[in-house]
Each structure stands twice: as C-alpha cells, then as structure tokens.
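S.K.: 3D, please:
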Amino acid sequence: MSIKTKLSSIITVSVLFILLLNITLSFYTTQENLRKDSEAKMVIAATQIAITLEQTEYSTKYVDGVYSDLLRKASILAAERLDPDVQNISNGDLVRVAEEVGVHHISLLVKTENDIVVERSSDPKELGLSTKNWGYWHKALQELFKYTQVRTVDQGQTANHFWSGPIEFSSSSPDTTAKWGNYYDGKRNYIINPYFRGADIKDFASIASPDRVVDRTTVANQHILEITGINPQTFGGSTMEEDGTDPVHFKLDNRPIKFGSYQYGALASDRAAVRKAQSSGNSVVFVSTIEGKKVMKSFIPIQIQDAPSYVISVVMDYEVISSVIREQMISLVAISLVLLEIVVIGSYIVAAYFTKPIKAILATVNEVADGNFERRLEVASRDELGRLSGRINTMTRNLGHYTRQLEQMIDENQSVKEYLESVINQTADAIHTTDQAGRILSVNKAFEQLYGWEVEEAVGRRLPMVPEHLREEEEKHQRRLLNGEALAPIETIRRRKDGSQIEVSISTSPIRDEAGQITSLVSVSRDVTERNRMEELLRQSEKLTTVGQLAAGVAHEIRNPLTTLKGFLQLQQQTKKHDPKHIDLMLSELERINLIVSEFLILAKPQAVHYQKKALRYIIKDVLSLLETQAHLYGVMFTLKKMDQEMLVYCEENQLKQVFINVLKNAVEAMPDGGTVDIEIAKHAQNQVAVIISDQGIGIPEKLLPHIGEPFITNKETGTGLGLMVSQRIIQSHQGTLDINSQEGIGTTVTIRLPAVPEGTEEETS
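M.R.: Here you go, the predicted model:
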C-alpha cells in the first residue's frame, strides 16, 4: 500500500473515528436520559404503591384489632368452661366449647422442657404442632407463660393475660389464613388458643392485599412487566428458591416475596441490589437480560411508619428505550455516511500532494538497502521532509562506515572463536559442561581420552562417571554449586567408560547468563593417579628415614628395661627364690619393650588409609614415648598441657603420628643446647581442634620461611625438606591446615588445625 493511499486512509479513518465517537456519545447520552426518565417513572409507581399500602395498613390494623377483641372475649368465655388441668380436657370438649363461644377452633398449648406444643385441639391437624421455629410467636407464648403478659414483642395486639398475632397462614393448613388469640390467666397449666379460619379471614386478607394495587398499576402502565414487594430480612436466604418461594419462611410477615410476582428474577444480582438499596436508602437500577428478554430493574427502599421496611422491585421492558435509540441512530448514521464520502475524495487529493517528495526518499533508501551507500538526496526545502532528506544523507554515510567496521569485527570474532576452540581441544585437562540435570552439553578431546566416551556418545546423556558409593556426596556437591557457593577443587574417584576407576582432581564452576542465573556447570578434570602414587612413595620414604633416625634412640630405650630384666634374673638365679614383686617389675619392663617395638613397627610398615575417630591426647602420648630418649640426648624436655576436655578427630592414626614425629623431631634438633618443647591441644574456632607445638630453638631464617614445605628447602646440613612437605600433604588430606611461625634466635611455633568430631560423640581411643 502506497503512502498516498495510507495518508488518505488515515484521514478517512480519523474522520470516521470522530463520526463514530459522535454517534457513540449521542447513543449513550440518549440512553442515559431515557434511563433516568424510566427510573423516575418506576420510582413514582413504587411510591404510589407504597402510599396505597400505607393507607391499607391502617384499615388492616383496625380490622385486626376487631378480630383480636372477639378472640379475647371468646378466650375468657372458654376459660370459664374448661378444667384448669389439660389432662382433664378432651378434644371433643374443645369442639363443643368452640361452638359455644363463636370461634372456628380452639387449641390448648402446654409448655415442655424446651418447647411449647399443641396438646389438645378441636382441629386434629393442630395436635402435636411445635412452636419452637415460630419466631416472635414462640417468644410471645413464652412471655405469656412467664408473666401472664407479653412485654417485648411489638407485633400483634397485647392485653392483660392475652396476646393475638397478626393474620397469618396456618401451619397445619398452609393454604388458609387465620387469626389466633392466646389467653393465659396463670390459673391453669395451658394457654387457650382460639382462632378464626375461613372465608371471612381469607376475603379480608385478599381485599387488604397489595397484590390488587400491583395488578391495577401494571394494567395502567403496559411497559411495566412486574412489581414485587421484597422482604430484605429473608430475601436471598439459603432456604429461598429461585422462584421466590421459601419452605421455611412462608408466613405473611417473613416470606421473601411480600406481594407481587417474581418471574423476572436473577437471584444473585437481585440479592446484592436489595442489600445495597436497604443500606444506602437510595434506589438501585440496572439493566439485565432474563430468559432472552432485556429489562431494566429498579429496587426502591420503602419505609412505612410503625412498620418494617421493605423494598419494591419494578421491572420495565427495555424495548421502550431501545426503540427510541434505534430511530435516532439511523438518522445519525445516514448523515455520517454522506460526510464520510466527501472526506474520502478530499483526503486522496491532499495525500497526492504530500507524498511526492517521499517517493524520492524511498528510491534512495532502496539503494541503501541494496548496499549502495554512495547515493545522496537533493535537499530542496527546509520543512520536515527536507530535514529528513538531510538526515538520510548523514545516515547513509554513517551506515557505510559502520558496515565496514562490523565486517572487520566479525572477522576478528571468528578468529577468536577458532582460537578458543583450539585451546580447549588441545589442553591436557579434560573439560566438559553439563546442564542443571547433569546432562552433558559439550566435551573436549582430553575428556574423550581420559574417560573413553566419544563426543557423540556423551552429549545429551547423563554418563555413569560417579561410582555408586560417591553418588550421594556428588549430589550434595552439585546442590551447593547450584546454590551459588564457590567450592575448591576436590580429589575423588571417577569411572571410565570401560568400568575402570581413576583418581582425578576436579574443579567445577557455574556458568551464568546475563541475569546472573546459573544455566550450566563446567568441570575441569585432571588425572592425579601418578601424582598420588609419587606422594605416597615420598611419604613412605620419609617415614623410613624417620624410622632410621629413631632406631638408635629405640635401641637405647630397649636396653634400659633389658638391663633391669637381666639383673632380676641373675638375682633369682643366685638366691634360688622367686620374688612376686620382681616378677611384676619384669613383666612391666617386658610390656614396655613390646609397646616400643609395636609403635616402631607401625611406623615402619605401610598401612592402608582408614579414617577412624581417635583422641589426639593418646596419639601425642604414643609419639612422645618414642621420642623421649632422643630428646634426653639433646637435653630437651616435652611438656603436654593438661586439657579441660577430650579432643576427638577423624584421622588415619599412623599418618598423624608421622606428622607429629617430624615436627617434634625438628623441634628437638633445633635446640642443640637443650630446652623445653611445649605441646597444647585446644578447641579452636569454627569447630576445629588445634595442636600447638612451640620450641625455644634457633628459629628459621626469614628468607626461608615462605618456602618451608617445598622439596629440598631446609636449614639442616643433612636435611632434604621432604619431611614437612609430606606432613603438609597429610594434614591437607585430613581437611586441616599446618601453619609455621618462627623468629631467628627466639623459636618456632607450629599450629596444626584439624576438624573436630561434634560434641556428644562417644570417645574412641587407640
């Protein structure tokens, strides 16, 4: 579609929009005025009905009072003829007395434990009726029994020993109306309940009924479809049916529909409208469609003096309003069509004039779109189109410049991408990425070589790389990573494609998107099997070196108890007597020799790594028993500070002994002139145990201190530096740290921190 056509269309649509807006405003204005007029008519009709009902109410009260007086007199006459005890009265007696006093029927009401019921009656249908659910009727009967007078019930007529309710439907004969009286003089055990029921009462009720007024009103105004008198207290209750009937509230004073019909009812919306009208005191009007017919409903609250308030609903046929609106809309549409035809022709002529320079701009833009950035527009005016032509020329120059730059950047990005892919594929470390569910997204060549799976086999699958016994630990590790924790590399076991297991060091990091959300994980694996074997060989070598250095001290330590044994044996040989005390001492010395040899063999013999819960105090004491002889040769004493509580760790006992032997042996050798080595085992922060070993030796030179733990870094003439390196690896494998602080000429302090076993765990000693 050309701009000329579009511009013409825009003008046409704009005018059309204005015309439609005018029609719409006219429609709603006319509709609102007609609705207000109809609402006013409905309010007038409801008010006229209310006035008529109010006048009828006075006549009803007068007639109701006349019937009440007749019933009171009949009650007094009946009391003179009836026995005070209800048990001495038969239903036949009541038939006779009713005829004598001039009423239709007489019932006798007696009080039970929690109700008032009809005990005797001239009408068999009345027998056994309960009054518990009769509302204010039941309350009036209770007060009459209690006070011989009704005090708090406003309905009906009250006199001394007597109360008469309004004309009402009969509970035993719901199709008939009756007028009841209730008499109780306190001299008998029942209430006398005479009543009129018949054509006279029914005729009076129909004459005073508002339904006649409603019928005359709907006949006079044919547009009014229905008028309904609504009782706000029971309308819309849980027991009310859709047609307005209510099996529970069916009395004249409590039924939901007081008068009129309820054929155009929508219970949910009508209930809300009644409540709103009742609470606000204003009319509520709305339009609704009921059974395919569009109607306007009005709810007008009515308040009559000395009578309960109610709401009159007036339903009017909406066709009255619709017909007037249709006529007006037809006229407006005809005028609008003529105006629209004129606008279409004029807009097409105007659009042709303004689109001429745009064609030249379009031709230039087409060439730019084809990659020709050399064409320029001729700027012939200074209006918006002229300025647009100038800016297009500038844009064309800039696009040419930016296009050349973009081509250069694409070439550079492609080179960087190829370089990175080459680096990843050529690196010796196995790299693979996984999504949050553990499925492989990509792998490099080192991954294929290390684990055995090809790219086609790995991508899109969850590979069984984790051994079964490590799966739970790996799931915890993954959850911590997905929760955003930064974790250090771990050394663990992984399974290859052929089922064999390898020792690897794995570093896993999250990959995040632009919003900072974790989308995948990248893992870098390195085979550390050979490295671990070399470290184990270093530990064994250092252990054997340590054993060799201890051999002289152990031999000297064993010689002392052997001398004791030899002396006691020679003494017993000479005396030919066996002294039990000597035997105990000899056994004690033998046990000491056995302990020293056992500890020596444990250090010399390779052991399987098996972590157990151990007490540090016993491990330290075992080490001290081995080193005391060598320490004495140097004039060095060990002091172990007393602990307040036992410190437990999970460890490989022999490896920790190797660490403590190395550290204590270094401390002894650092004090050629003798001194004291202080040993303290204490609780450290963050649920750790600290072993602090301090000497008073020559210290470590400041230039060597940063390199302690590296191979062949030592200040001993015959040392190799491997002892501390192996010790640090052992402590790291126990998830601990080994720190060294030293000053030349003052001494050295070695602090070893290990994770503590939680308190309350049963102690296990070696």
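S.K.: residues in contact with W453?
M.R.: Going by C-beta atoms under 8 Å, 6 or more residues apart in numbering, W453 touches 443, 447, 463, 497. Backbone N, C-alpha and C define where each C-beta goes, glycine included.
S.K.: I'd like to know which of these is nearest to E241.
M.R.: Using C-beta to C-beta, L463 is the member of the contacts of W453 that sits closest to E241, with 69.6 Å.
S.K.: A strand includes the closest one, no?
M.R.: No - according to DSSP: H, G, I helix; E, B strand; the rest coil, the state of L463 is coil, so it is not within a strand.
S.K.: what's the distance between the most centrally placed residue in the chain and A515?
M.R.: For the chain, N483 is the residue whose C-alpha lies nearest the centre (C-alpha atoms, centre = their mean; 19.0 Å). Per C-beta to C-beta, to the nearest Å, N483 is found 17 Å from A515.
S.K.: one step back: just the buried ones from the contacts of W453?
M.R.: 443, 447, 463 (16 or more other C-beta atoms under 10 Å).
S.K.: wait, the first one touches N425, no?
M.R.: No - with contact taken as C-beta atoms under 8 Å, V443 and N425 are classed as non-touching, separated by 9.8 Å.
S.K.: look up phi and psi at the closest residue to P256 other than its chain neighbours.
M.R.: Nearest residue to P256, sequence neighbours excluded (C-beta to C-beta, 6 or more residues apart in numbering): F235, at 4.3 Å. The phi and psi torsions at F235 (degrees, to the nearest 10) take the values phi -70, psi 130.
S.K.: and the helix or strand where R326 lies, what's buried?
M.R.: According to DSSP states H and E, R326 maps onto helix 319-354. Neighbour counts over helix 319-354 (16+ other C-beta under 10 Å) mark 321, 332, 336, 343, 347-348, 351 as buried.
S.K.: related to what we said a few turns ago, could you single out the nearest of the buried ones among the contacts of W453 to C651?
M.R.: For the buried ones among the contacts of W453, the nearest to C651 is L463 (34.0 Å; C-beta to C-beta).
S.K.: I figured that closest one hits I440, correct?
M.R.: Yes - using C-beta under 8 Å, L463 is in contact with I440, at 6.3 Å.
S.K.: distance from the chain centre to the helix or strand harbouring S107, please.
M.R.: Using DSSP H and E, the element containing S107 is strand 105-111. When C-alpha coordinates are averaged (C-alpha atoms, centre = their mean, to the nearest Å), strand 105-111 and its chain have centres 63 Å apart.
S.K.: each with direction, which strands does that strand pair with?
M.R.: Strand 105-111 pairs in its sheet with strand 116-121 (antiparallel), strand 191-197 (antiparallel), by DSSP bridges.
S.K.: which other residues reach it?
M.R.: 78, 82, 86, 89, 94, 97-98, 116-123, 126, 131, 141, 145, 182, 189-195, 197.
S.K.: averaged pLDDT, that strand. What do you get?
M.R.: Strand 105-111 shows a mean pLDDT of 92.
S.K.: does I224 really touch V315, like I thought?
M.R.: Yes - with contact defined as C-beta under 8 Å, I224 and V315 form a contacting pair (7.1 Å).
S.K.: more neighbours: which of those two?
M.R.: Between I224 and V315, V315 has the larger neighbour count (other C-beta atoms under 10 Å), namely 25 against 19.
S.K.: can you classify the more buried one by secondary structure?
M.R.: strand.
S.K.: for it, give me the pLDDT.
M.R.: 87.
S.K.: what of Y67?
M.R.: According to the model, Y67 scores 82 on pLDDT.
S.K.: what comes up buried for stretch 617-636?
M.R.: 617, 619-620, 622-624, 626-627, 629-631, 634, 636.
S.K.: show me those that map onto strands.
M.R.: Residues of the buried residues of stretch 617-636 located in strands (DSSP state E): V636.
S.K.: can you pick out the most distant pair from the buried residues of stretch 617-636?
M.R.: R617 and Y634 (24.3 Å).
S.K.: and the helices in the stretch 1-150 of the chain, which stretches?
M.R.: 3-81, 91-101, 136-147 (DSSP state H, counting those that start in this stretch).
S.K.: next, T433: phi, psi?
M.R.: Torsion angles, degrees, to the nearest 10, at T433: phi -110, psi 140.
S.K.: ok, it touching I511?
M.R.: Yes - with contact defined as C-beta under 8 Å, T433 reaches I511; the gap is 7.0 Å.
S.K.: higher neighbour count, the two?
M.R.: The neighbour comparison of T433 against I511 (other C-beta under 10 Å) goes to T433, with 17 against 13.
S.K.: report the contact partners of that one.
M.R.: T433 touches 440-443, 511, 520-523, counting by C-beta under 8 Å, 6+ apart.
S.K.: list the buried residues in the strand of greatest length in the chain.
M.R.: Using DSSP E, we find that the single longest strand of the chain is strand 501-512. By 16+ other C-beta under 10 Å, the buried positions in strand 501-512 come out as 503-506, 508, 510.
S.K.: if we can go back for a sec, so what sits against both of T433 and I511?
M.R.: The contact sets of T433 and I511 overlap at 520-522 (C-beta under 8 Å, 6+ apart).
S.K.: select from these the one having the most neighbours.
M.R.: That'd be L521 among the shared contacts of T433 and I511, by other C-beta under 10 Å, with 19 neighbours.
S.K.: what's the end-to-end length of stretch 737-755?
M.R.: 10 Å (C-alpha to C-alpha, to the nearest Å).
S.K.: just name the shakiest helix or strand of this structure by mean pLDDT.
M.R.: helix 199-207 (a mean of 56; mean pLDDT, DSSP states H and E).
S.K.: show me the contacts for D85.
M.R.: Contacts of D85 (C-beta under 8 Å, 6+ apart): 188-189.
S.K.: 7 Å instead, please
M.R.: N189 (C-beta atoms under 7 Å, 6 or more residues apart in numbering).
S.K.: how close does it sit to K125?
M.R.: Distance from D85 to K125, by C-beta to C-beta: 24 Å.
S.K.: tell me the SS of the nearest residue to K125 once chain neighbours are set aside?
M.R.: With sequence-adjacent residues excluded and distances taken as C-beta to C-beta, 6+ apart, K125 is closest to S172, at 3.8 Å. With three-state DSSP as the basis, S172 sits in coil.
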